[in-house]
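In: I'd like to go over a predicted model; first the sequence, then the structure.
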Amino acid sequence: MNGPDKGIHTADTRTMPAVQAALDQAAAVFLRQVHEVNPHVQSDSVEKAYRFSWNAHRNQVRKSGEPFLSHPVAVALILAEQRLDAITIAAGLLHDVLEDTPITREELGREFGEQILLLVDGVTKIQKLEMKSHEERQAETYRKMLLSMAQDIRVIVIKFADRLHNLRTLRYLSVEKVKAIAGETLDIYAPLAHRLGMARMKWELEDLAFKHLHPAEFKNIVSKVVGSRHERERQIESFAGPLRERLKSEGVEATVIGRPKHFYSIYQKMKLYNKSFEEIYDLLAIRVITNNIRDCYGALGVVHSLWKPVQDRFKDYLSTPKTNGYQSLHTTVVGEKGAIAEIQIRTWEMNQVAEDGIAAHWLYKDGEGAAISRDDKALVWLKNLIEWQKDLTDSTEFFEFFKIDLFDAEIFVFTPKGDLISLPKGATVLDFAFAVHTDLGLHCIGGKLDGKLESLGTALRSGSTVEVLHSASRNPTIDWLQYIKTPKARSSVRRWLRTSEKRESLELGRNIVRTNYAKLHMRTPITDHTSELLQALGIGSLDRLYEQVGSGELPVARIMEHFQSRKEKKPIHVNVMSRLARTFAAKQPGVVVGDTDNVMVRFAKCCNPIPGDQITGFVTRGRGIAVHRKDCPNVGLFADSEERRIDVSWKSREDKRYVVSLEVVAHDRPGLLHELTGVFANFGADVLEATVTTANDQAHDVFRVGIQNRNQLKQITERMRKLKGVEKVLRSKGGSSGL
């Protein structure tokens, strides 16, 4: 329980006889209550936990003014009603001591052992979450729950009990806090209770949250359910009475009970179908509980002999259980005067599982604790979900994805061999392929749905037989994510895409680094220097370095600076110095000024002209002739200084190369980077550096390349624009220079 105003004080009750007597009496009353609902529980550890919690919380109070101990006691009694073991009930009594008292993990572990410490610590970690946004908080709450549940499923059962008692006592909190807790219950706890098969817990969580979130609607439905009680009881008996008599005459031993649907389910149907309370026809549920499966089907025959079944409302969850372990026969029938009732038929064991879910699986062994099969459907689901969520790093996506897995109804489809596979409603051919086998999904090209060819994104129908078509040459694309409803499929596709992008970045980075290294004319191979380079940059491997360069995360210039600083410096001959000086002072190769090429020129950085561009020159003060493209925006700055303009032209020279920056905007997809760099290679251009960024399925790539002339650049850009998904290819205003 978070947020009560309290002072903390721990007293030694051994020196206070009156306090000790009160504690003894309170502990006896509590143990008597526990044994009334759960006589199997061994009381030693439970009594010890009660006394420890009483002492730890003794000077704390809740918002209501009640002693704080009333909350852990109520939680423990809820767990006892669920017929859970002594360890879980003890942990329920202690679930707030780490968060709300000075008790440490070490103290708790010494007193009660690792099992109880694990349970209390797991509940505490869930309660301490504080996220930046509503969505992030919900997503991370789910993640924390998954990890805690993976260690011991009883963590979430304790948290359910904690939340249930908080909902029963919310009236003492602020309106904003009440709305937040009730909303979180409907978003997280009730669906998770449903996923674990705990129907009774789910119903009460939903009805209490509904009461606090929508008090007017709740009051209206309750008043109408209560007001129609006599009529409802008459309708229930109109079904239950004849059914009991016919079952008895047919020799089918069964118990028949009736009840109205719970309030929140009625509200949901009113919203879903946009109908009033009076227009919702199936407000009644009749339950038939038998001793064995054979009698279940016998009872079904009796039901259908008495009343007409509603088409498409029959479900056989005996032969095909739900993924939360639920088993039952469902049929909806029409009685006298058009009255409609849903009838559920199942065994006593199935009924216990339907109401208590995961809690119904605990087996007692001399009261020493609980055991649960690792093959239980809820635990298999949990294990798979924990594995799949690792690939979902975005909180919003994870939350939406998890809601699909929790809320959506199930469909059942068959493989060609007759194997049954359960998928969420709306699942596609692609989801089915991954459910059968990951490799089959990665190479899926479509499927046959009851013998008819269908595409990857075709939604499946319950009862259909699906055959997957695949090809070894087919691989996932980012577009596949729009066809996917299941966590396994999404996780597998994302993992493949990341691996593919990593390979492409590594290849591109290797080419960029080796090309630039060759230009340094080093005497030794690059591998002689990589160990020192990796240490200097703090990178673990050469492949990782190449990958960072290829993805744009690491500029190649940093690597070249490292090599350049270690390049062997040789004495420069006087003749060489003289030649270099004349080259710098005299001219820039490739440009003719007037009728001569023996003039110092420089290319303007604002427009970076290359051979083939129309150019013009301007005389500068002390820096020779500045060469601009004629369409350069800065040319207009010289409009008042026409006397400084001078004619310049390109001199034909095939071995001259220029650096140009190209920006490519495209829809991101696997293989795009490889195709773009292939265009450069095909037209003889060298990729010197690349920066690759992706956001919202859009790629923005910037390449610095060495080219010979404008015609070569034109061929490259025209070819790139024809690639699939490419939206724009633009020549950058900056970054070009002569080589």
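Out: Yep, it's here. Note that the structure is a prediction, hence the values are computed from the model and not measured. Residues are numbered from 1 along each chain as shown.

In: any idea which element residue 703 lies in?
Out: Element membership for residue 703, per DSSP states H and E: strand 698-707.

In: Can you list the buried residues in the helix or strand following that strand?
Out: Once strand 698-707 ends, the next helix or strand along the chain (criterion: DSSP H and E) is helix 710-721. When burial is assessed from 16 or more other C-beta atoms under 10 Å, helix 710-721 yields the following buried residues: 710, 712-713, 715-716, 719-720. (Each C-beta comes from the backbone N, C-alpha and C, glycine too.)

In: Check which residues of the strand holding residue 703 are buried.
Out: Buried residues in strand 698-707 (16+ other C-beta under 10 Å): 699-707.

In: so which of the residues you listed would you say is closest to residue 50?
Out: Closest approach to residue 50 among the buried residues of strand 698-707 (C-beta to C-beta): residue 699, at 62.0 Å.

In: Confirm for me that the closest one is in contact with residue 664.
Out: Yes - with contact defined as C-beta atoms under 8 Å, residue 699 counts as touching residue 664 (7.5 Å).

In: residue ranges with poor pLDDT in the stretch 451-600 of the chain?
Out: Low-confidence segments of the stretch 451-600 of the chain (pLDDT under 70): 566-590, 592-600.

In: how about the strands in it?
Out: For the stretch 451-600 of the chain, strands defined by DSSP state E, counting those that start in this stretch occupy the ranges 452-454, 466-470, 591-593.

In: just how off-centre is the longest one within its chain?
Out: When distances are taken as C-alpha atoms, centre = their mean, to the nearest Å, strand 466-470 is centred 27 Å away from the chain's centroid.

In: Could you do the first one as well?
Out: Using C-alpha atoms, centre = their mean, the distance from the centre of strand 452-454 to the centre of the chain it belongs to is 31 Å.

In: Tell me the strands beside it, with direction?
Out: strand 444-449 (antiparallel) (DSSP bridges).

In: quick one: contacts of the partner strand?
Out: For strand 444-449, contacts defined as C-beta atoms under 8 Å, 6 or more residues apart in numbering pick out 429-430, 432-434, 453-456, 458, 460-461, 464-471, 474.

In: Buried among those? Make that a PyMOL selection.
Out: In PyMOL, this line selects whichever of the contacts of strand 444-449 come out buried by 16+ other C-beta under 10 Å:
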select buried, resi 429+430+432+433+434+454+456+458+460+464+466+467+468+469+470
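
In: how close does the residue nearest to residue 222 when sequence neighbours are not counted sit to residue 218?
Out: Leaving aside its chain neighbours, residue 222 sits nearest to residue 263 (6.2 Å; criterion: C-beta to C-beta, 6 or more residues apart in numbering). Look at residue 263 and residue 218: by C-beta to C-beta, to the nearest Å, they are 6 Å apart.

In: ok, how many other residues are close to the closest residue to residue 455 other than its chain neighbours?
Out: Nearest residue to residue 455 in three dimensions, chain neighbours excluded: residue 446, at 5.5 Å (C-beta to C-beta, 6+ apart). Residue 446 sits with 20 neighbouring residues when counted by other C-beta atoms under 10 Å.

In: So residue 664 sits against residue 675, correct?
Out: No - Residue 664 is beyond contact range of residue 675, at 10.5 Å (criterion: C-beta under 8 Å).

In: Mind giving me the packing neighbours of whichever strand or helix holds residue 663?
Out: Element membership for residue 663, per DSSP H and E: strand 658-667. If contacts are counted by 3 or more C-beta pairs under 8 Å, 6 or more residues apart in numbering; DSSP states H and E, strand 658-667 sits against strand 698-707, helix 710-721, strand 726-731, strand 737-738.

In: ok, now with 6 Å
Out: Contact here means 3 or more C-beta pairs under 6 Å, 6 or more residues apart in numbering; DSSP states H and E; on that basis strand 658-667 packs against strand 698-707, strand 726-731.

In: Partner strands of that strand and their direction?
Out: When DSSP bridges is applied, strand 658-667 pairs with strand 698-707 (antiparallel), strand 726-731 (antiparallel), strand 737-738 (antiparallel).

In: Can you dump the C-alpha atoms of stretch 432-440 in PDB for me?
Out: C-alpha atoms of stretch 432-440 as PDB (Å, rounded to 0.1, in the frame of the first residue of the first chain):
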ATOM      1  CA  PHE A 432       0.800 -18.900 -38.300                       C
ATOM      2  CA  ALA A 433       4.000 -19.500 -40.200                       C
ATOM      3  CA  PHE A 434       6.100 -18.300 -37.200                       C
ATOM      4  CA  ALA A 435       3.900 -20.200 -34.800                       C
ATOM      5  CA  VAL A 436       4.800 -23.400 -36.600                       C
ATOM      6  CA  HIS A 437       8.500 -22.700 -36.900                       C
ATOM      7  CA  THR A 438      10.700 -19.600 -36.900                       C
ATOM      8  CA  ASP A 439      12.600 -20.600 -40.100                       C
ATOM      9  CA  LEU A 440       9.300 -21.200 -41.900                       C
END
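
In: Now do that stretch: everything it contacts.
Out: 421, 441, 444, 466, 468, 470, 488-489, 492 (C-beta atoms under 6 Å, 6 or more residues apart in numbering).

In: could I get these as a markdown table with distance to residue 166?
Out: Formatted as a markdown table, the contacts of stretch 432-440 follow (distance: C-beta to C-beta, whole Å):
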| residue | distance to residue 166 |
| --- | --- |
| 421 | 39 |
| 441 | 42 |
| 444 | 46 |
| 466 | 45 |
| 468 | 47 |
| 470 | 51 |
| 488 | 35 |
| 489 | 37 |
| 492 | 39 |
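
In: okay, among those, which ones form the most distant pair?
Out: Across the contacts of stretch 432-440 (C-beta to C-beta), the longest gap, 17.7 Å, separates 466 and 492.

In: Could you list the domains of this structure?
Out: For the chain, automatic domain parsing gives the domain ranges 13-213, 223-361, 574-650.

In: out of these, deepest packed?
Out: The highest average neighbour count among the domains of the chain, using mean count of other C-beta atoms under 10 Å, belongs to domain 13-213 at a mean of 19.

In: Centre of the chain to that domain, how far?
Out: Centroid separation for domain 13-213 versus its chain: 27 Å, with C-alpha atoms, centre = their mean.

In: And stretch 429-438, by the same measure?
Out: Distance of stretch 429-438 from its chain centroid, counting by C-alpha atoms, centre = their mean, is 19 Å.
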